[in-house]
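Enquirer: let me see the structure of the following:
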Amino acid sequence: MLAELRALASDFWWTTQAGVSESFWAELDPVVWDAVNHNPIRLLEEVPLQYATDEWKKAAQALILRREEYLVSEPKINIPRTAYFCMEYGLHESLPIYSGGLGMLAGDHLRSASDQGMNLVAVGMFWHEGYFRQMIMGGQQVSAYAANTPGLLACEPVLAKDGHPLRIQMPFGYGHINVGAYRVQVGKVTLYLLDTKVDGNSPDQHAICDRLYGGDTSMRVRQEWILGIGGVRLLEALGEEIEVFHMNEGHSAFLLFELWQKMRASGLNDDDAWATIREKCVFTTHTPVPAGHDRFTWADFNTVACGFREAAGLSEGALMDKGRETPGDIDEPLCMTILGMKGSRVINGVSKLHGEVSREMWKALPVEIDHITNGVHGGAWLANETRQLFDKHLPKWESQFENADFWKSTAEIPAADWIEMRDKRRSRLVATVRKRLGYDVLDEKKLTIGFARRFAPYKRGDLIFRNPERLQALLEQGVQFVFAGKAHPADKNGQAIIAEVLRWSRQKRFQNAIAFLPDYDMTIGRLLTGCCDVWLNTPRRPREASGTSGQKAALNGNPNCSILDGWWPEAFDETNGWAIGDDQEWDDLDAQDEFDVNDLYDKIENTILPTFKDEKAWANTMASSVKSCMPVYNTSRMLTDYGKLLYKAV
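Expert: Sure, this is the predicted structure:
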């Protein structure tokens, strides 16, 4: 069985199975499981199977058999061979090569592409130090980095035909750089992670793959050059015949230059070559905030592209112009989003509102922008208690993600079962928070509101503290809050917001009812979205592209209390959660904050808290959350839409 278990541990398919991330591996040895950062490969190395219970071995055998049946199942959606490019992938905390929402979405995209049997391969980067580990020292966020050792992770080097590690060579400045790769398996989908920390490269070139989103723009342009150009060359070296290239955000848009040059080299003129590759490429934009789109000056871009451009016989501005709103304007930097859009036949935002915002943002470009609303993988993000409830009352629910009629049955689940599940999850949440923080905090019986995400200023992580006296009154009535999240090491404003949350949480009147969990990762993400009673989201509308953390909560039956931004305007129906504020546009940001926070206080005090105390009413809200959101805001539906709109499913 050990060999079969190792094969299981090496395939992130197991992360699609509800409850496995939280319970199955941990039950073998919970102490070692935590010690190895939830890495099942290392767990199996350190815990002899002779210590496994017969019950665990039986569950393991069932899981192994389920995977074997899964891998030979027939595809549900047929698409042309598609390559999916993304800068980060959130598959599991044991492979820490992700930052936040973009990576979580990419991970779920691969999971559901595998579930659907889609003919898809993925490309990303192997980050040797990942994003960063968050430490709190003196009430401030401090960044720490830990090495990712490939030999200890669920990945293996890609080999050439001679059995040695595959190396591709690609242009880099006036010279070349060597690129290797690691293979990661996600069920039926293979993910290739590019790596420059290989023999033959300089220390500076090694450093390109150190940190996700680390360094300045000169480092970022190097990373994105490797992802785009190197990704195409890797697939070619592997004999892949790609018919569709999907750029998930602008980080990989340099792949267009590699494809364009190949078409030019085949004899097509510049315009015909661009039109040809444009038919093969599609683009998803995720960012409604102008500062979130990478822009590179001539000086930075030319550092990596000069040799490539000259070898192709292109003028100095030819490549820059492909990423400019105004070609020929030598002062305008190259924008990766503009490049990706100009080079794609189909472009989509990630919610209806985000599509509208994107069309307005990019109205000067000769492009059309559609939308496909994000979803999350229905099995990967369910709390173990949620899975048990579904197993009891909704047999075969795992195969019904898109079936709206099926999920209407949630209304028939007894209220007592909803409430029992809710209370068990909250008790587990409180126990985990106390263990992590090392002191007694929170109450197992109080309404628990969760807020966990990237601490960008527009997300207003400290909004709830705007009127401390009003907040104190809510806490005294039986409300408590759990916060988690990171701010980019260069985002001083975001770090200041974290410091504010920490400062308030230490005040005597708040310290037992407000907790901040440091080092936000997928473990904490699953815990909070699965176990908090209410999910809070307070961005300044309309700056949230989608907001998939709220979808994870909703699929667990935990209602959202959110600004009408991102996905929530589409999902909110007045029975499945609560809306904060309204849909008006604001010029006075201070007035917007004041209006929104007062509405939030009122909602909690006059609606949410009374509903929470009425178990029947709360059970109905939980059932409505699952009924309305599960069949729509899952990546099974999302991938169906991608197949139709972007991949030309047949």
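Enquirer: thought Leu194 was touching Leu234?
Expert: Yes - the pair formed by Leu194 and Leu234 meets the contact definition of CB atoms under 8 Å, at 6.5 Å. In short, each C-beta sits where N, CA and C put it, glycine included.
Enquirer: in the protein, which strand is the longest?
Expert: The residue-count maximum for a strand in the chain (DSSP state E) belongs to strand 175-186.
Enquirer: any idea of the mean pLDDT in it?
Expert: What strand 175-186 shows for mean pLDDT is 98.
Enquirer: ok, then the element right after that strand?
Expert: Of the helices and strands lying after strand 175-186 in sequence (DSSP states H and E), the nearest is strand 189-195.
Enquirer: for that following strand, which strands pair with it and how are they oriented?
Expert: Counting by DSSP bridges, the strands paired with strand 189-195 are strand 120-125 (parallel), strand 175-186 (antiparallel).
Enquirer: that older thread, quick one: common contacting residues for Leu194 and Leu234?
Expert: With contacts taken as CB atoms under 8 Å, 6 or more residues apart in numbering, Leu194 and Leu234 have 123, 179, 181 as neighbours in common.
Enquirer: of these, closest to Lys644?
Expert: Proximity of the shared contacts of Leu194 and Leu234 to Lys644 was ranked by CB to CB; the top entry is Val123 with 22.9 Å.
Enquirer: so what's the spatially closest residue to the closest one that is not a sequence neighbour scoring on pLDDT?
Expert: Using CB to CB, 6 or more residues apart in numbering and skipping the chain neighbours, the partner closest in space to Val123 is Gly231 (4.0 Å). Note on Gly231: pLDDT of 98.
Enquirer: same deal with Phe483?
Expert: Looking at Phe483, the pLDDT reads 98.
Enquirer: could you do Val650 as well?
Expert: Val650 carries a pLDDT value of 62.
Enquirer: now Phe301
Expert: pLDDT, Phe301: 98.
Enquirer: which elements pack onto the helix or strand encompassing it?
Expert: In this assignment (DSSP H and E), Phe301 forms part of helix 298-311. Here helix 298-311 touches strand 168-172, helix 217-225, helix 255-265, helix 318-321, going by 3 or more CB pairs under 8 Å, 6 or more residues apart in numbering; DSSP states H and E.
Enquirer: the same query, at a cut-off of 6 Å, please.
Expert: In this structure, helix 298-311 makes packing contacts with helix 217-225, judged by 3 or more CB pairs under 6 Å, 6 or more residues apart in numbering; DSSP states H and E.
Enquirer: surely the residue nearest to Val123 is within a helix?
Expert: Yes - membership of Gly231 in a helix is supported by DSSP: H, G, I helix; E, B strand; the rest coil.
Enquirer: correct me if wrong: it contacts Met125.
Expert: No - in this structure Gly231 lies outside contact range of Met125 using CB atoms under 6 Å: 9.0 Å.
Enquirer: in three-state terms, label Thr326 for me.
Expert: Applying three-state DSSP: Thr326 is coil.
Enquirer: please name the nearest non-neighbouring residue to it.
Expert: For Thr326, the closest residue by CB to CB, 6+ apart turns out to be Glu332, at 5.8 Å.
Enquirer: repeat that for Pro288.
Expert: In space, and not counting its chain neighbours, Pro288 is closest to Val357: 4.5 Å by CB to CB, 6+ apart.
Enquirer: so that neighbour sits in a strand?
Expert: No - judged by three-state DSSP, Val357 forms no part of a strand; its state is helix.
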